[in-house]
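**Q** After the sequence you'll find the predicted model.
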Amino acid sequence: MIRKLFLTIGLMQVSAVYAQDAPIVHDAEYYILEAQLSDQWVTDDAAVDAKLAEFRRVNDGKPPNIINILIDDLGFGDMGIPELNAVRGYETPNINRFSDEGMRMVRMYTEPSCTPTRVAMMTGRLPVRMGMGDTTVDIAGFGLPRQEVTLAEVLKKAGYATSHVGKWHMGDIAESWAMNQGFDYAQHAVHQQGQLTVYHDDAIREQVSVGIQDFDPAYTLDDFFRPDASAMATVIEGETDGKIREVRMETGERWNSAKYDEMNQAFQDKTLEELRRLSAAGEPFFLQYWPMLPLDNTRTGRDGPESPNGGLYVDKMQQLDGWLGEIFAAMEELGISGNTIVVLMGDNGHFTKYSPQSGFTPMIFRGGKGDTTEGGIRVDAFIRWPEMIGADTIVNNIIHVSDLYTTLARFAGATDFVPRDRLIDGVDQSASLLFEDESKGRRDSVIVYSIDTPKAIIKDKLKLNLPAAGQNAIGADFFDIFRDTHEKYPVSTEVGAWGGQEFVRILGRHLARKEKYPDGAPATGVPYEGIENLRPETQAAVEAFMVKRASVQK
């Protein structure tokens, strides 16, 4: 009886989250567009429904498979365009071919760095809404809260098998990991390339990282100050509600370039293995592959493709292009290319801190990773769905990475499982993509955040860098993004006189919606708790972290 009561309460809670007697809740600007375009949206929705129903009819009643590939730190124009490849001095032939087979989303906006972009993609929400707007490198003790509803969870409720391989980087506590956030299976790094390629032993020897082991310890009092990449947890593997283990790292073993290469090859091999396993099951699947390459900061032990460019990242980008070619070929071999959506995109601009030795510098847009200029948040983005999305097509309307959450849910027939008890920033862009029609987009603005602070507002072709407190918006920097891709020539006088207050009102409406749907905080906990084979040196690193955390409570 008690168990039945708890089950009933649980079902009531699920119903409250996924209640369909209310529409998805969006930010204010969505409703301004809806007020003007609702009749057209009704017509467009009917056309989308008809096209999706026809796909299911010829696909044995099933929705499409979905493969999502997210690549780290690439600027706009670095893949998909052979002419720009030639300018750079390297080649990405497999990605270029893929782009010709699908659609380029020319105005895809992300967040300025990797964690917030991944959070927005997975939750359909701005990362500031759950305190996940920052990027951490080492042990931090926080992550994506359990109550966030990820795209994997939405698709899983619609009958999808779900699998994630590669980077994750949304927390070092158990509730934040992919296998606890809707993925049936996951193998992913706990942290990111800071630990895995910037300050491991070989990187220290090459002076990629300074001050960790290359110092005289005679005057060092604080042994907890310098992180040890080898003591941190590296790659974990597990299934939903199953055991989670660290893989390919033994007690006393040191992390180095060879281990980094081994990890990346293992991710590629596992992705192909998962692709074959999921395909053989015959049910719709969601496979997510987030490579760590092309980031690779050392020369030690390097092999693979070499380019005239010769940059540390560029040459590894060529290797990654070859790996993606293997995945595309495997899809053909398995006969699933026609009924599978593939999204391929970057997560933010170049890591310009490592330019030019990386081989990458800003090209079409100014700035890179961490910046709120176009070069920090505009990325190459492609989607391929044969016979459903036109080959070699382009849409130029604004799309934010959070829009993939709602759009892929729509394609999968899973919109009913998008939660209604919170604000969802992602809007459904299915009509624009399916009909290659920019006028059918449902977004014309983006609020650009740096961690937890709004820094810019983009509205159609105009961009305002938000003024500091006390500064009048009429004198702030406005840019016409179509005319000025490097944001060097403000049109503040021409736009500010009429547009200053309009942009201020956009921000005001956004902040007013936050009063109704307040921002939350990330989940906190004990790092690495739940890894059953935690190494002794890792446990010692956790204990040191907990001493640091406790120090503020003394």
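**A** Perfect, thanks for sending it.

**Q** Next, work out how far apart T92 and Y31 are.
**A** In this structure, T92 and Y31 are 40 Å apart, going by CB to CB, to the nearest Å. Backbone N, C-alpha and C define where each C-beta goes, glycine included.

**Q** So for these two, which residue has more residues nearby?
**A** Taking neighbours as other CB atoms under 10 Å, T92 and Y31 compare with T92 leading, 27 against 12.

**Q** The more buried one: what's it in contact with?
**A** Shown here is T92, whose contacts under the criterion CB atoms under 8 Å, 6 or more residues apart in numbering are 78-80, 85, 317-318, 321.

**Q** Show me the two of those residues that sit farthest apart.
**A** Using CB to CB, the contacts of T92 span at most 14.2 Å, a distance reached by G80 and Q318.

**Q** circling back: going by distance to N59, which of the contacts of T92 wins?
**A** Distance to N59, by CB to CB, is smallest for G80 among the contacts of T92, at 27.3 Å.

**Q** which stretches of the stretch 1-150 of the chain aren't confidently modelled?
**A** Judged against pLDDT under 70, the low-scoring parts of the stretch 1-150 of the chain cover residues 1-20.

**Q** Which parts of it are helices?
**A** Across the stretch 1-150 of the chain, reading from the start of the chain, the helices by DSSP state H, counting those that start in this stretch fall at 2-17, 28-58, 82-88, 93-101, 114-123.

**Q** If you count neighbours, what's buried in the second one?
**A** The neighbour-count criterion (16 or more other CB atoms under 10 Å) identifies 28-30, 33, 41, 44, 48, 52, 55 as the buried residues of helix 28-58.

**Q** repeat for the shortest one
**A** The neighbour-count check on helix 82-88 (16+ other CB under 10 Å) flags 84-85, 88 as buried.

**Q** can you give me how far that helix is from the chain middle?
**A** Its chain's average C-alpha position is 25 Å from that of helix 82-88, according to CA atoms, centre = their mean, to the nearest Å.

**Q** looking at this protein, which helix or strand is least sure?
**A** None of the helices or strands of the chain scores lower by mean pLDDT, DSSP states H and E than helix 2-17, at a mean of 41.

**Q** For the helices of the stretch 1-150 of the chain, give me a markdown table that also has distance to D460.
**A** Listed next are the helices of the stretch 1-150 of the chain as a markdown table, based on distance: least, CB to CB, whole Å:
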| stretch | distance to D460 |
| --- | --- |
| helix 2-17 | 34 |
| helix 28-58 | 11 |
| helix 82-88 | 26 |
| helix 93-101 | 25 |
| helix 114-123 | 21 |
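
**Q** Which of those helices sits closest to H510?
**A** helix 28-58 (6.2 Å).

**Q** Remind me what the closest one packs against, helices and strands.
**A** If contacts are counted by 3 or more CB pairs under 8 Å, 6 or more residues apart in numbering; DSSP states H and E, helix 28-58 sits against helix 403-411, helix 430-434, helix 492-516.

**Q** okay, those helices in JSON lines with mean neighbour count and distance to I69 next?
**A** Compiled in JSON lines, the helices and strands packed on helix 28-58 are given as follows (neighbours: other CB atoms under 10 Å; distance: least, CB to CB, whole Å):
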{"stretch": "helix 403-411", "mean neighbour count": "25", "distance to I69": "12"}
{"stretch": "helix 430-434", "mean neighbour count": "25", "distance to I69": "17"}
{"stretch": "helix 492-516", "mean neighbour count": "15", "distance to I69": "31"}
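
**Q** could those go into JSON lines alongside mean pLDDT and distance to K270?
**A** Rendered in JSON lines, the data for these read as follows (pLDDT from 0 to 100; distance: least, CB to CB, whole Å):
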{"stretch": "helix 403-411", "mean pLDDT": "98", "distance to K270": "22"}
{"stretch": "helix 430-434", "mean pLDDT": "97", "distance to K270": "29"}
{"stretch": "helix 492-516", "mean pLDDT": "92", "distance to K270": "40"}
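
**Q** mind checking which of those is nearest E333?
**A** For the helices and strands packed on helix 28-58, proximity to E333 was assessed by CB to CB; helix 403-411 is nearest, at 23.9 Å.
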